[in-house]
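Asker: generate coordinates for the sequence data below:
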Amino acid sequence: MNTIKLLKKMPIGQWRSFSRCAILRQEVVEAASPLTIPPPEGVDKPVSPKIEKLVTDISNLSLLEVSELSQVLKRRLNLPDAPVMPVGGFAMAAPAAQEEEEAAPKAVKTSFTVKMTKFDEKQKVALIKEVKSLLEGFNLVQAKKFVESVPTVVKADISKDEAEKLKEALSKVGAVIEID
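Answerer: Predicted structure coming up:
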């Protein structure tokens, strides 16, 4: 109550400078943030919750959704499609690579890619249901789009046993499968 009486008695010029000082002080307090110590080398930097949420959301997407996200981002950000092969430099490096391969013993392949190249149209419904049950995170619509987008990669970087089981299950319902 007393402060209101004091403010009423204050001349206008003094009131303006008081108001400016109060505003400047508030801006200085808001701008001053505590200094953060950078993490030492070799330790992951802390990630903001916003970025962490984005990473979690993207990692939960299916392959079709990731492809769609990539296309939308390319369109919105006007990004060109990346070339599959670099334009130069491989012609000179190829002979050296062949010599190294001959010198080194053949490595045993441990990861395989399962590709669906085509399917029997008569068994399309059964194939869609099988894809939905075998691949995690697929609903019927996604499974239908996946089957119709043949040739496509079913799973990548899997063991030989898992690839064989997947090939057997999909071949039973009319799909033609290749394992790379």
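
Asker: how many residues are close by Leu127?
Answerer: Each residue near Leu127 was counted by other Cβ atoms under 10 Å, and the total is 24. All C-beta spots, glycine's among them, are computed from the backbone N, C-alpha and C.

Asker: please name the nearest non-neighbouring residue to it.
Answerer: Leaving aside its sequence neighbours, Leu127 sits nearest to Val173 (Cβ to Cβ, 6 or more residues apart in numbering; 4.6 Å).

Asker: what's near enough to touch the one you found?
Answerer: 123, 126-127, 129-130 (Cβ atoms under 8 Å, 6 or more residues apart in numbering).

Asker: what's the distance between it and Ser149?
Answerer: As judged by Cβ to Cβ, to the nearest Å, Val173 and Ser149 stand 17 Å apart.

Asker: correct me if wrong: Val131 contacts Val147.
Answerer: Yes - with contact defined as Cβ atoms under 8 Å, Val131 and Val147 form a contacting pair (5.8 Å).

Asker: all helices for this structure, in order.
Answerer: Assigned by DSSP state H, the chain shows helices spanning 2-9, 12-31, 49-59, 63-77, 90-103, 124-134, 140-148, 160-172.

Asker: where does this protein dip in pLDDT?
Answerer: Scanning the chain for pLDDT under 70 picks out 1-36, 82-108.

Asker: go with 50
Answerer: Along the chain, the model assigns pLDDT under 50 to no residue.

Asker: report the contact partners of the residue found closest to Glu162 once you drop the neighbours it is linked to in the chain.
Answerer: Nearest non-adjacent residue to Glu162, counting by Cβ to Cβ, 6+ apart: Lys155, 7.7 Å away. Residues near Lys155 by Cβ under 8 Å, 6+ apart: 113-114, 135, 162-163, 166.

Asker: cheers, nothing more for now.
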